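Chemist: the following block contains a protein sequence and its predicted model.
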Amino acid sequence: MDYLRVVLAAFAAFIVYMALGALLFTRRTMRAEFQKYPAVYRSQESMKAVMPIGMVGMFLSMLALAALFARIHPEGAPLIAGMKYGAVIGVFSIGSFVLHNHVNLNIGGRLTALQAVAYFVEWLAVGVVIAAVYR
């Protein structure tokens with residue numbers, strides 16, 4: 001496993017994840033759904049104070065995923081392998097995070113479905129980026 005490539009892949013995946021998150025989660029449709037649940041979700045303004053904690057957490061997650069990819073594909077792999085890897089992470093995220101939160105949080109099915117799509121797209125892209133950079 002090449003540690004430099006793992007860190008570079010994690011950093012690139014983090015950038016893509018954050019950019020896609022900004023694009024997908026700030027769309028009017030998604031914002032409107034989040035605003036229906038002010039007792040559950042922080043306001044955009046109050047989120048700014050804790051955003052650095054979330055960013056550190058996501059970067060650590062990207063490091064773990066890049067290291068796992070490197071263990072599975074120590075010599076690198078084609079982008080299709082990254083796409084499959086990202087799809088598996090996306091399915092895991094939907095089951096362990098999105099649907100789990102639907103049960104634990106008092107949110108509606110529409111928000112749950114929108115989150116499922118957004119997170120799947122993010123994780124799919126993360127898998128591709130990790131594969132592209134780790135090559």
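Modeler: Ah, there it is. Values in this document were obtained by computation on a predicted structure and should not be read as measured data. Numbers count the residues shown, from 1 in each chain.
Chemist: residue ranges of the strands in the chain, please?
Modeler: Here the chain has no strands by DSSP state E.
Chemist: tell me how far the helix ranked longest in the chain is from the chain's mean position?
Modeler: With secondary structure taken from DSSP state H, the chain has its longest helix at helix 44-72. Mean-position distance between helix 44-72 and its chain equals 8 Å (CA atoms, centre = their mean, to the nearest Å).
Chemist: ditto for stretch 13-29
Modeler: 9 Å.
Chemist: buried sites along it?
Modeler: 13, 14, 16, 17, 18, 20, 21, 24 (16 or more other CB atoms under 10 Å). C-beta here means a position set from N, CA and C on the backbone, and glycine is covered the same way.
Chemist: hang on, the earlier thing: so which elements touch the longest helix of the chain?
Modeler: The criterion is 3 or more CB pairs under 8 Å, 6 or more residues apart in numbering; DSSP states H and E, and the helices and strands that helix 44-72 contacts are helix 3-25, helix 79-93, helix 109-134.
Chemist: save these as TSV, and put in mean pLDDT and distance to residue 61 too.
Modeler: Below are the helices and strands packed on helix 44-72 laid out as TSV (pLDDT from 0 to 100; distance: least, CB to CB, whole Å):
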stretch	mean pLDDT	distance to residue 61
helix 3-25	97	9
helix 79-93	98	10
helix 109-134	98	9
